[in-house]
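Chemist: what follows is a predicted protein model with its sequence.
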Amino acid sequence: MKYYSLPADFKKETIDEYAKLNDRYRDSKVIETYGNITVGFLFGSGRLVRQMPKMDIHDLSEYIAYSRQKNIDFNYTLNSTHYRNIEFTEKGVSEIKDFLGKIYKAGVRALTVTLPSLIELVKSTKYDFKIKASCLCQVNNANRAEAYKQMGVDKIVTEESINKNFHTLKAIRDVFGPRVEIIVNQICDKNCMYRLFHYNMISGDSAGTTNKVSINYYEHRCVLQQLKSLDNLLKLCWVRPEDIKYYTQIGIDYFKLQGRHTFVQGGDPVRTVKAYFEESFDGNLMDLLTMFSKLTSFSVYVDNKKLEGFIKPFFEKENFCKNNCPTCHYCETFAKKCIDYDKAGQVLNFARDFYNDYDQYKKVLTEAENPGTEEPKQNNAKKLSLLEDKQQDYGDFDF
């Protein structure tokens with residue numbers, strides 16, 4: 001049996017659709033959704049507040065009760081990478097415990113947590129929460145998995161960077177046991193230099209302490225990392241629906257789809273998880289990974305069916321990927337089979353122009369160095385408008 005964890009859009013009709021899929025398919029089940037409240041919110045998570053639906057504690061209670069009627073659990077995300085050290089103060093501990101009591105009363109029985117200190121804090125309470133160690137815990141080897149097992153966590157989500165390292169995943173599974181979960185639709189660059197710092201920024205934003213410049217900085221550089229070359233799209237941390245079978249062969253039966261941020265742009269989690277249930281998808285892999293949302297107009301078409309066989313050497317050969325791309329051209333060779341390089345090259349070129357021109361941090365640096373040299377606001381606005389118009393033009397193409 002394959003078990004799936006889905007981001008919560010907090011809609012009862014979505015829970016109904018998951019229940020229908022659970023009834024229809026015998027060997028795959030949606031067992032939980034996950035998320036957090038954003039109204040009256042005290043503690044951070046791994047997503048920007050502005051990217052998630054408005055949800056208060058009362059709405060959460062109703063949603064959990066309805067989900068349970070359909071045999072689908074809920075996992076509350078407390079996966080911030082920092083809490084400004086309040087968990088080390090008596091006042092902070094008291095506030096966190098009070099909050100845990102409120103969500104427990106609302107029906108929460110499972111948490112996703114990043115900080116070891118918060119795991120210890122939760123375990124010191126009277127509440128019987130199940131704890132899932134977040135992917136932000138960077139569980140990327142058996143020793144780290146063992147450390148979290150000794151802490152008493154019930155499940156771990158492995159770091160996405162090892163999604164194609166089957167030997168390491170099997171070692172983690174052998175040490176920790178069956179409740180090892182991987183994220184299948186991750187689009188982050190495998191070795192992204194911004195990853196940890198990006199999540200630190202998000203953790204701050206979810207507590208209301210960042211601004212548009214910080215958000216813009218990481219979001220834009222994230223996209224530029226993805227699109228730095230066309231073959232890089234094959235180096236991202238995704239798992240195709242057709243390749244789920246390789247993971248079950250090494251004992252991985254728990255799969256997570258990320259995408260709480262896609263709902264504001266029309267994301268379709270039901271359609272996405274259905275493709276994973278069927279272990280088949282005919283279309284643009286990038287659409288599937290972003291849950292068919294319109295997060296960006298700069299979408300390259302990667303023919304999913306033409307990726308058949310791509311994963312096999314990773315599965316069959318230990319340490320097939322040396323993380324040294326200049327000495328290996330495997331991904332580049334395979335990319336030319338499933339991407340139209342001429343059309344996709346246009347997307348990459350314009351994406352670079354757009355994100356480099358519309359960079360608020362560079363503007364801040366320039367203004368700080370040369371006060372008074374800022375372009376007139378009307379000129380900046382006109383330039384941005386032209387860029388966005390051009391972006392929309394590119395977005396209308398089906399690359």
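Modeler: Looks like it arrived, so ask away. Numbers count the residues shown, from 1 in each chain.

Chemist: do a quick rundown of the strands in this structure.
Modeler: Taking DSSP state E as the criterion, the chain carries its strands at 2-7, 28-35, 73-78, 110-113, 130-133, 155-157, 180-183, 254-256.

Chemist: adjacent strands (with direction) for the fourth one?
Modeler: Going back to what we said before, that points to strand 110-113. Listed by DSSP bridges, the sheet partners of strand 110-113 and their directions read strand 73-78 (parallel), strand 130-133 (parallel).

Chemist: show me the contacts for residue 66.
Modeler: Taking Cβ atoms under 8 Å, 6 or more residues apart in numbering, we find residue 66 in contact with 12, 15. The way it works is simple: take the backbone N, C-alpha and C, and place the C-beta from them, glycine included.

Chemist: picking up where we left off before, will you turn the strands of the chain into TSV that also has mean neighbour count?
Modeler: Shown next, in TSV, are the strands of the chain (neighbours: other Cβ atoms under 10 Å):
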stretch	mean neighbour count
strand 2-7	22
strand 28-35	22
strand 73-78	24
strand 110-113	24
strand 130-133	23
strand 155-157	23
strand 180-183	22
strand 254-256	23
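
Chemist: for the stretch 51-200 of the chain, which spans come out with low pLDDT?
Modeler: 51-53 (pLDDT under 70).

Chemist: excluding its backbone neighbours, what's nearest the residue most central in space within the chain?
Modeler: Using Cα atoms, centre = their mean, the residue of the chain that lies closest to the mean C-alpha position is residue 258, 4.1 Å off. Among residues not flanking residue 258 along the chain, residue 183 sits closest, at 5.4 Å (Cβ to Cβ, 6 or more residues apart in numbering).

Chemist: residues contacting that neighbour?
Modeler: Counted by Cβ under 8 Å, 6+ apart, residue 183 has contacts 135, 157, 160, 163, 237, 255, 256, 257, 258.

Chemist: turn the strands of the chain into JSON lines, columns for distance to residue 356.
Modeler: Formatted as JSON lines, the strands of the chain follow (distance: least, Cβ to Cβ, whole Å):
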{"stretch": "strand 2-7", "distance to residue 356": "31"}
{"stretch": "strand 28-35", "distance to residue 356": "34"}
{"stretch": "strand 73-78", "distance to residue 356": "33"}
{"stretch": "strand 110-113", "distance to residue 356": "35"}
{"stretch": "strand 130-133", "distance to residue 356": "37"}
{"stretch": "strand 155-157", "distance to residue 356": "34"}
{"stretch": "strand 180-183", "distance to residue 356": "29"}
{"stretch": "strand 254-256", "distance to residue 356": "33"}
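
Chemist: ok, residue 245 touching residue 255?
Modeler: No - contact criterion Cβ atoms under 8 Å: residue 245 and residue 255 do not qualify, at 12.0 Å.

Chemist: which residue ranges of the stretch 51-200 of the chain form helices?
Modeler: 57-69, 90-105, 116-123, 142-151, 166-176, 195-205 (DSSP state H, counting those that start in this stretch).

Chemist: and the contacts of the fifth one?
Modeler: Right, helix 166-176. In contact with helix 166-176 (Cβ under 8 Å, 6+ apart) are residues 139-142, 145-146, 148-149, 156, 158, 162-163, 180, 182, 246-247, 250-252, 314-315, 318-319.

Chemist: among those, name the buried ones.
Modeler: For those, a neighbour count by 16 or more other Cβ atoms under 10 Å gives the buried set as 139-142, 145, 148-149, 156, 158, 162-163, 180, 182, 246-247, 250, 252, 314-315.

Chemist: and residue 3, which of the strands paired with strand 110-113 is closest to it?
Modeler: strand 73-78 (10.6 Å; Cβ to Cβ).

Chemist: tilt between that closest one and strand 2-7?
Modeler: Taking axes from the mean of the first three to the mean of the last three Cα atoms, to 10 degrees, one finds that strand 73-78 is oriented at 50 degrees with respect to strand 2-7.

Chemist: gap between strand 73-78 and the chain center?
Modeler: 15 Å (Cα atoms, centre = their mean, to the nearest Å).

Chemist: bridged to residue 156, which residues?
Modeler: The partner residues for residue 156, given DSSP bridges, come to residue 133, residue 180.

Chemist: contacts only, for it.
Modeler: Here residue 156 is in contact with 132, 133, 137, 139, 145, 148, 149, 172, 176, 179, 180, 181 (Cβ under 8 Å, 6+ apart).

Chemist: circling back: out of the strands of the chain, which is closest to residue 334?
Modeler: strand 180-183 (21.4 Å).

Chemist: pull out the CA atoms of that closest one and give them to me as CSV.
Modeler: Provided in CSV are the C-alpha atoms of strand 180-183 (Å, rounded to 0.1, in the frame of the first residue of the first chain):
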residue,chain,number,x,y,z
VAL,A,180,10.0,7.2,5.9
GLU,A,181,8.4,9.7,3.6
ILE,A,182,9.7,11.4,0.5
ILE,A,183,8.4,14.5,-1.3
